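1. Build me a model:
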Amino acid sequence: SINSQRGNRIEGIILSRMSKEEILKTVEANLDQIPYVTGVNNHMGSKITANEILMSIVLGPLKKRNLFFVDSRTTSRSKAYNVAQTLGIPSAYRHVFLDGENREGYIKGKMIELFRLAQRRGKAVGICHPTERTLRALRENFHLVEKYNIEPVFASLLTK
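-> Residues are numbered from 1 along each chain as shown. You can find the predicted model right below:
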């Protein structure tokens with residue numbers, strides 16, 4: 001979601017207590033803020049991603065706009081990927097969370113984990129936050145793609 005703090009309220013966030021109409025309005029407003037958007041992932045929202053009914057509502061506008069979806073799997077109970085698949089939305093899910101800890105050594109280790117997984121499976125999805133430290137770690141360790149013979153691609157190419 002596109003979040004901006006306004007007092008106690010965070011604009012753009014989807015809450016489980018929202019009505020269907022509020023969820024749809026929020027998702028549509030978020031999508032409208034990003035010109036040329038091609039896909040979406042969830043950042044938080046474990047309660048919502050674990051709920052098939054709520055995820056069907058959230059994903060509706062994505063289907064309507066022909067967008068892809070990546071389930072960040074912020075909970076092991078997530079149903080988001082399966083719901084997206086059922087709705088016919090091109091989708092994938094996160095295999096490795098690169099910056100669960102905000103340390104460059106940790107991020108490098110997770111990059112290696114992602115690359116090894118991609119070697120074994122033929123593909124793997126990693127996600128991270130766009131923080132200065134994470135971006136620096138990615139930049140400084142990007143040369144490892146050659147060592148592991150990995151081809152970085154856009155997430156949309158890993159959806160099915």
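2. and the spatially most central residue of the chain, what is it in contact with?
-> In the chain, the residue lying closest to the centroid (Cα atoms, centre = their mean) is residue 41, at 3.1 Å. Applying Cβ atoms under 8 Å, 6 or more residues apart in numbering to residue 41 gives the contacts 69-72, 94, 127, 155. Placement of C-beta: from N, CA and C, glycine included.
3. Tell me how many other residues surround residue 105.
-> Number of residues near residue 105 (other Cβ atoms under 10 Å) recorded here: 9.
4. Run the chain-centre distance for the helix or strand that contains it.
-> In this structure, residue 105 sits in helix 104-121 according to DSSP states H and E. Computed by Cα atoms, centre = their mean, to the nearest Å, the chain-centroid distance of helix 104-121 equals 17 Å.
5. Which of the residues in that helix are classified as buried?
-> Going by neighbour count (16 or more other Cβ atoms under 10 Å), the buried part of helix 104-121 is 104, 107-108, 110-111, 113-115, 117-118.
6. Just after that helix, pick out the following helix or strand.
-> Using DSSP H and E, the first helix or strand after helix 104-121 is strand 126-127.
7. re earlier: so among the buried residues of helix 104-121, where is pLDDT lowest?
-> For those, the weakest pLDDT value sits at residue 104, with 93.
8. What distance do you get for it to residue 138?
-> 10 Å (Cβ to Cβ, to the nearest Å).
9. Also residue 38?
-> 21 Å.
10. Those two: which has the busier surroundings?
-> residue 138 (19 against 13).
11. State the next helix or strand along the chain beyond the helix or strand where that one lies.
-> Here residue 138, judged by DSSP H and E, is contained in helix 132-141. Per DSSP H and E, the first helix or strand lying C-terminal to helix 132-141 is helix 144-147.
12. could I get the buried residues of helix 104-121 as CSV with distance to residue 34?
-> Shown next, in CSV, are the buried residues of helix 104-121 (distance: Cβ to Cβ, whole Å):
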residue, distance to residue 34
104, 29
107, 26
108, 30
110, 27
111, 27
113, 30
114, 26
115, 29
117, 29
118, 27
